[in-house]
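# structural data only, the sequence is not supplied:
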């Protein structure tokens, strides 16, 4: 690592300090974070096992839920092991290329999850507004294409962020990252050079993926609510609306945490840094924990299959 005029040229490694201002209590913060991670893994793995083993759950809604579970497992695993290494064992060093790779994985899986939530909203829209064509539109082949498409969209749009950092930013004021994982803006702010292209492209990716998805999700649910309220029977309206409640809860938890974290990170200049970092961590860790719980509680078919896993049938 070469130091020139107080700047570092092409650092080989970076230092992640965890949660600035709370270094003395990071060991204890790691305990609830680890608990959240363990329960998120158990919940999502159980969901995947139930969906895979029960043929009646091989429907578009549940297969999309399985995709969401895989994404949640991957997303939380990208950050928790390293974060706990920082909190518990003071393993603060990370190779620069490994940091960029972690950044790419995190933002790719975030964007993939957003795409899957959009697909789930469109699935509910077709199921309620055009039920006779639902089985012919949402085939297993289409679901495969959706999974590949949202993943490629995320990976290809996020990749230039990594390339811009690697190729354009050569000089860094410091190698100390005030964060518990490799977040895009946290790395860009270290640079001693003009970073406007990196910031602009980061905003472009955020709004072209999250912004695009949330607009179409909202439009889908506007059409769904109109169709539901036009149903003649109250029981039919309640049944149709009940199929959407779980997705609405997941949608709100993901996007509210995302936008709250995004805006406080960029415009909450008077908010202490540790609040920013805690919000970012919760944004990545809470949805993987809550998603299987929400669907397990609100979806009778999943509840029944989970009950079969834990309760053997009566021999008589």
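All right, it came through fine. All of these numbers come straight from a predicted model, not from anything done at the bench.

# center of this structure - which residue?
Centroid-nearest residue in the chain, with Cα atoms, centre = their mean: residue 110, separated by 3.7 Å.

# how about that one, nearest residue that isn't a chain neighbour?
Nearest non-adjacent residue to residue 110, counting by Cβ to Cβ, 6 or more residues apart in numbering: residue 75, 6.7 Å away. To be clear about C-beta, it is placed using only N, CA and C from the backbone, and glycine gets the same treatment.

# just the element for that neighbour, please.
helix 60-89 (DSSP states H and E).

# re the thing from before, touching, the residue nearest to residue 110 and residue 286? I think so.
No. Counting by Cβ atoms under 8 Å, residue 286 is not a contact partner of residue 75; they are 11.3 Å apart.

# ok, those two, which is more surrounded?
More neighbours surround residue 75 than the other of residue 75 and residue 286, with 23 against 16 (other Cβ atoms under 10 Å).

# list the contacts of the more buried one.
For residue 75, the contact set (Cβ atoms under 8 Å, 6 or more residues apart in numbering) comprises 106, 109, 110, 113, 284, 288.

# recalculate using a threshold of 10 Å.
Residue 75 is in contact with 40, 105-110, 112-113, 284-285, 287-288, counting by Cβ atoms under 10 Å, 6 or more residues apart in numbering.

# can you pull out the strands in the stretch 1-150 of the chain?
2-4, 7-9, 13-16, 93-95 (DSSP state E, counting those that start in this stretch).

# flag every buried residue along the last one.
When neighbours are counted by 16 or more other Cβ atoms under 10 Å, the buried residues of strand 93-95 are found to be residue 94.

# equivalent analysis for the third one, please.
Along strand 13-16, the positions that meet the burial threshold by neighbour count (16+ other Cβ under 10 Å) are 14, 16.

# residue 232: which element?
Using DSSP H and E, residue 232 sits within no helix or strand.

# next up, the contacts around it.
Residues near residue 232 by Cβ under 10 Å, 6+ apart: none.

# per-residue confidence for it?
Looking at residue 232, its pLDDT is 74.

# next: residue 186.
Residue 186 is assigned a predicted lDDT (pLDDT) of 87.
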